[in-house]
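Chemist: Predicted model and sequence follow; I will ask about them next.
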Amino acid sequence: MVSEGCILKRLLRLRAGAVPAFAAALIIAAVASEGSPPRKLNVLLITIDTLRADRVGVYDPGKGRTPEIDRWASESAVFLRAFAHTPTTLPSHTSILLGTAPPHHGVHDNAGFVVRGDFLTLAEHLKGYGYATGAFVGGFPLAARFGLNQGFDVYDDDFSLEEPGIDRGRERRAQAVLDRALAWLKGRTTPWFLWIHCYDPHDPYSPPEPFLSKAAGDLYGGEVAYTDAVIGRLFRALESGGLSSSTLTVLTGDHGESLGEHGEKTHGFLAYNATIHVPLIIRWPGQIRRRVRQNVSHVDIFPTVCDVLDIPKPPQLQGATLLPLFGGKEREETSIFFEALSAFYNLGWGPVSGFILRDEKYIESPIPEIYDLDRDFDEVKNLAPGRDIGPQKDRFDGLLRQMTSEAGRKAGAALDREAQEKLRSLGYLAGRPGGGRKSSGPETDVKTLLPWHNKSMEGIDLWQAGKVREGIETLKEVITANPKVSTAYLNLATVYKTQGRPQDALSVLRMGLDEMPDIYDLYVQTIIALYDAGRYAEAIKAFHPESYPQIASDPIIWNSLGLAYWRSGDVAKARANFETSISIDKAYAVPHNNLGALLLYQFKATNEAAFYRSAVEHYDRAIALDPSYSAASHGLGVAHFQAKDYDRAIPNLKRARELDSTLDEALYFLGLAYFAKGDRVQALRVFTDYKNSPGYTQLSTQEKARVDDYIAKSR
């Protein structure tokens with residue numbers, strides 16, 4: 001029976017002004033309170049990230065690497081034509097757990113969006129019927145901070161485990177996820193809803209042994225095989241614990257992987273079937289095994305769970321129950337919406353969206369496409385050229401209007417610096433989007449720009465492999481052939497910067513910004529390049545917070561501006577900008593370090609203890625946020641040295657040198673600290689090391705003489 005509190009919560013979550021939805025919610029509450037109790041089946045949702053349907057044996061025995069899933073599927077309903085609504089992780093899981101498509105819930109990309117709290121999740125719905133709820137996720141795009149933790153008693157997103165081949169803080173292997181999930185499940189007696197998410201097949205592919213050796217070069221296939229083995233352990237745990245006879249199990253992929261098809265290496269840019277055709281396998285006690293060919297989608301999962309459990313469906317659901325298909329019946333064919341908007345939001349490229357209806361697939365993009373999926377499921381021949389696509393465009397426009405909600409328009413959220421870095425490390429575009437391009441022509445189509453973007457990435461790969469000249473020439477070639485590819489400018493500027501060519505980096509970035517003034521990454525990197533080139537006044541003059549809404553949530557540009565003001569001699573404005581950077585992102589160590597340096601500078605100039613105390617406070621904070629930050633340890637050591645607190649200066653200076661063996665200046669101050677304490681033996685050792693370091697060779701004749709004098713006195 002549903003509690004009054006749960007009913008009220010659902011009512012409050014409904015959109016303002018939606019009178020029919022309120023009425024439906026009241027009817028649901030009445031039925032739930034007066035009707036028979038729901039079936040006490042447990043619910044297990046398994047989502048495998050980046051899993052192509054044709055890598056599951058029951059979909060393609062020739063390519064499949066999934067004997068465990070195949071065994072489970074032999075007693076399940078297998079939906080042969082199931083589609084995701086988007087080829088990215090967070091939006092796709094949002095569609096699954098909310099039962100609505102992206103235009104409704106408003107989450108269009110991993111970067112820059114958060115699931116709004118006024119939407120009802122499957123976990124919240126089941127929790128209202130007495131279910132214990134637990135989620136165990138394997139990848140950072142599903143971290144609790146992005147909002148899918150709503151309704152879960154436990155939402156385990158601990159990516160801190162040390163695992164070989166895994167990027168700590170960003171993902172964890174399927175076995176680690178399963179271990180936590182089974183521990184939560186052990187001894188549980190109430191009906192439960194358990195969501196297990198395995199991230200492993202996601203790029204970069206790094207299967208553990210023995211799957212790596214057996215992969216024979218197919219690393220993606222090795223990841224799929226490993227994940228299948230782990231899922232097999234889960235299935236056997238259910239069977240040995242007697243739970244398989246009391247559990248509704250749903251297994252699906254959030255999206256697929258292109259693996260080079262259509263010129264896409266991974267996923268997120270395009271919306272072909274390589275990335276939106278997914279496995280969907282559903283099993284529940286007493287069900288007849290079946291293979292279903294009719295089109296279905298992720299939004300159908302939520303209403304199906306409700307019907308199998310015999311509980312009311314909330315009114316916001318946009319999918320339809322699959323229950324008739326379990327019995328061999330047909331259901332009315334409806335359009336399945338899909339989109340791929342990562343490049344739209346992050347690079348300013350043209351949008352990709354569309355619908356699937358029966359065997360027709362329409363892709364709405366600057367260069368539209370139509371495919372006959374019955375004859376051409378791999379989407380080789382575009383039927384749109386020379387054809388009147390007016391009916392398809394009208395259908396798409398109507399579908400989009402029907403699915404869009406006002407609340408979904410508010411799902412955008414600023415992405416902090418740490419999240420950007422983690423998403424980028426996982427291969428995602430993760431800039432600070434400004435809302436996407438307002439108008440698009442064929443020159444902005446993803447199909448037009450993606451080959452040049454790929455070539456830009458090849459250029460940076462060549463440079464990282466030590467082929468500097470080839471990398472530079474490749475990036476220059478992209479800029480010449482298609483000047484609308486921002487990654488080419490950004491990558492070439494990165495190469496020049498690491499080569500110690502700040503003026504060349506600045507020139508490239510300015511060229512890119514002239515071509516694409518709406519690309520925020522080009523703008524912010526131009527500001528940074530002006531500073532690196534020593535053109536501080538120009539950096540300050542180029543700062544226009546009213547021109548880019550992203551500036552308000554970007555701590556990096558405020559930190560850079562603070563440095564420019566400091567170099568220009570305006571200490572007050574420098575401090576104000578460092579403080580703004582810190583207020584935006586309190587976990588960002590860099591502005592704390594820079595503010596510490598600024599305060600230390602003021603302490604040296606005035607000898608006021610308050611500046612020293614504040615400098616130490618910010619250095620300490622920078623080190624707490626990033627213990628490997630050598631500059632902060634060095635600054636803290638120098639601050640204590642200036643205050644004649646040598647016992648605190650020495651360990652920090654030693655730590656700075658341990659963290660960065662090239663930080664020769666730390667040796668100089670360390671020698672001074674030992675000398676001031678009267679420890680001439682240690683002072684001699686350290687000053688001698690300093691004299692043999694590259695830093696000594698860069699000193700002036702006068703500075704070298706000073707070091708030599710300390711060495712002589714120490715002897």
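Modeler: Received, thanks. The shown structure was predicted, so the numbers you read here are calculated from the model rather than taken from an experiment.

Chemist: So which residues of the stretch 301-450 of the chain form strands?
Modeler: Using DSSP state E, counting those that start in this stretch, the strands of the stretch 301-450 of the chain run over residues 336-340, 352-357, 360-364, 369-372.

Chemist: now, of the ones you listed, which is deepest in the fold?
Modeler: Highest mean neighbour count among the strands of the stretch 301-450 of the chain (mean count of other Cβ atoms under 10 Å): strand 336-340, with a mean of 27. C-beta coordinates here come from the backbone N, C-alpha and C atoms, glycine included.

Chemist: In terms of secondary structure, what does that strand contact?
Modeler: Applying 3 or more Cβ pairs under 8 Å, 6 or more residues apart in numbering; DSSP states H and E, we find strand 336-340 packed against helix 102-105, strand 352-357, helix 390-403.

Chemist: returning to that earlier point: can you check which of the strands of the stretch 301-450 of the chain gets nearest to L599?
Modeler: Of all those, strand 336-340 sits nearest to L599, with 47.6 Å by Cβ to Cβ.

Chemist: could I get the closest one in PDB with only the CA atoms?
Modeler: Presented in PDB, the C-alpha positions along strand 336-340 are these (Å, rounded to 0.1, in the frame of the first residue of the first chain):
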ATOM      1  CA  ILE A 336      10.700   6.100 -31.200                       C
ATOM      2  CA  PHE A 337      12.500   9.400 -30.600                       C
ATOM      3  CA  PHE A 338      16.300   9.500 -30.600                       C
ATOM      4  CA  GLU A 339      19.000  12.200 -30.500                       C
ATOM      5  CA  ALA A 340      22.800  12.600 -30.400                       C
END
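
Chemist: what's the spacing between that strand and its chain's center?
Modeler: Strand 336-340 sits 20 Å away from the centroid of its parent chain (Cα atoms, centre = their mean, to the nearest Å).

Chemist: show me where pLDDT drops low in this structure?
Modeler: Applying pLDDT under 70 to the chain flags the ranges 1-39, 161-169, 412-439.

Chemist: What residue spans form the domains of it?
Modeler: Domain segmentation of the chain under automatic domain parsing yields 1-37, 38-403.

Chemist: Show me what the longest helix that the chain contains packs onto, helices and strands only.
Modeler: Taking DSSP state H as the assignment, the helix of the chain that covers the most residues is helix 219-240. Contacts defined by 3+ Cβ pairs under 8 Å, 6+ apart place helix 219-240 against strand 42-48, helix 67-73, helix 174-185, strand 192-198, helix 211-214, strand 247-253.

Chemist: mind exporting that helix as CSV, just the C-alpha atoms?
Modeler: The C-alpha coordinates for helix 219-240 follow below in CSV (Å, rounded to 0.1, in the frame of the first residue of the first chain):
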residue,chain,number,x,y,z
LEU,A,219,40.0,-5.4,-26.8
TYR,A,220,36.4,-4.3,-27.0
GLY,A,221,35.3,-7.9,-27.3
GLY,A,222,37.5,-8.8,-24.4
GLU,A,223,35.8,-6.2,-22.2
VAL,A,224,32.4,-7.6,-23.3
ALA,A,225,33.5,-11.2,-22.5
TYR,A,226,34.8,-10.1,-19.1
THR,A,227,31.6,-8.3,-18.2
ASP,A,228,29.6,-11.4,-19.4
ALA,A,229,31.6,-13.6,-17.0
VAL,A,230,30.8,-11.3,-14.1
ILE,A,231,27.1,-11.1,-15.0
GLY,A,232,27.2,-15.0,-15.1
ARG,A,233,28.4,-14.9,-11.4
LEU,A,234,25.4,-12.7,-10.6
PHE,A,235,23.0,-15.1,-12.3
ARG,A,236,24.4,-18.1,-10.5
ALA,A,237,24.2,-16.2,-7.2
LEU,A,238,20.5,-15.5,-7.9
GLU,A,239,19.9,-19.2,-8.7
SER,A,240,21.8,-20.6,-5.7
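
Chemist: And it, how far out from the chain middle?
Modeler: Put simply, helix 219-240 sits 25 Å off its chain's centre (Cα atoms, centre = their mean).

Chemist: related to what we said a few turns ago, pipe the helices and strands packed on strand 336-340 into a markdown table and attach distance to D60 per row.
Modeler: Below are these laid out as a markdown table (distance: least, Cβ to Cβ, whole Å):
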| stretch | distance to D60 |
| --- | --- |
| helix 102-105 | 28 |
| strand 352-357 | 20 |
| helix 390-403 | 29 |
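
Chemist: Between the ones you listed, which one is closest to E68.
Modeler: Smallest distance to E68 across the helices and strands packed on strand 336-340 (Cβ to Cβ): 29.6 Å, for strand 352-357.

Chemist: Relative to that closest one, what are the paired strands and their orientations?
Modeler: Its sheet considered, strand 352-357 pairs with strand 336-340 (antiparallel), strand 360-364 (antiparallel) by DSSP bridges.

Chemist: relative orientation of that strand and helix 390-403 in degrees?
Modeler: On the basis of axes from the mean of the first three to the mean of the last three Cα atoms, to 10 degrees, strand 352-357 is oriented at 100 degrees to helix 390-403.

Chemist: what's next to strand 352-357, contact-wise?
Modeler: Contact with strand 352-357 is made by 83, 269-271, 295, 333-341, 343-344, 361-365, 369, 373, 395-396, 399-400, 446, as judged by Cβ atoms under 8 Å, 6 or more residues apart in numbering.

Chemist: now do stretch 449-457
Modeler: 263-265, 269-270, 343, 347, 349, 474-475, 477-478, 481-482, 484-485, 487-488, 491.

Chemist: Can I get the buried part of these as one PyMOL selection?
Modeler: In PyMOL, this line selects whichever of the contacts of stretch 449-457 come out buried by 16 or more other Cβ atoms under 10 Å:
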select buried, resi 264+269+270+343+347+349+474+475+478+482+484+485+487+488+491
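
Chemist: who's in contact with W349?
Modeler: A343, R437, S440, T444, D445, V446, L449.

Chemist: What residue, apart from its backbone neighbours, is nearest the fifth one spatially?
Modeler: Meaning D445. Setting aside the residues directly before and after it, D445 is nearest to P366 in space (Cβ to Cβ, 6 or more residues apart in numbering), at 4.1 Å.

Chemist: which phi and psi does that neighbour have?
Modeler: The phi/psi pair for P366 (degrees, to the nearest 10) reads phi -50, psi -30.

Chemist: Quick check: it vs V58, distance?
Modeler: As judged by Cβ to Cβ, to the nearest Å, P366 and V58 stand 37 Å apart.
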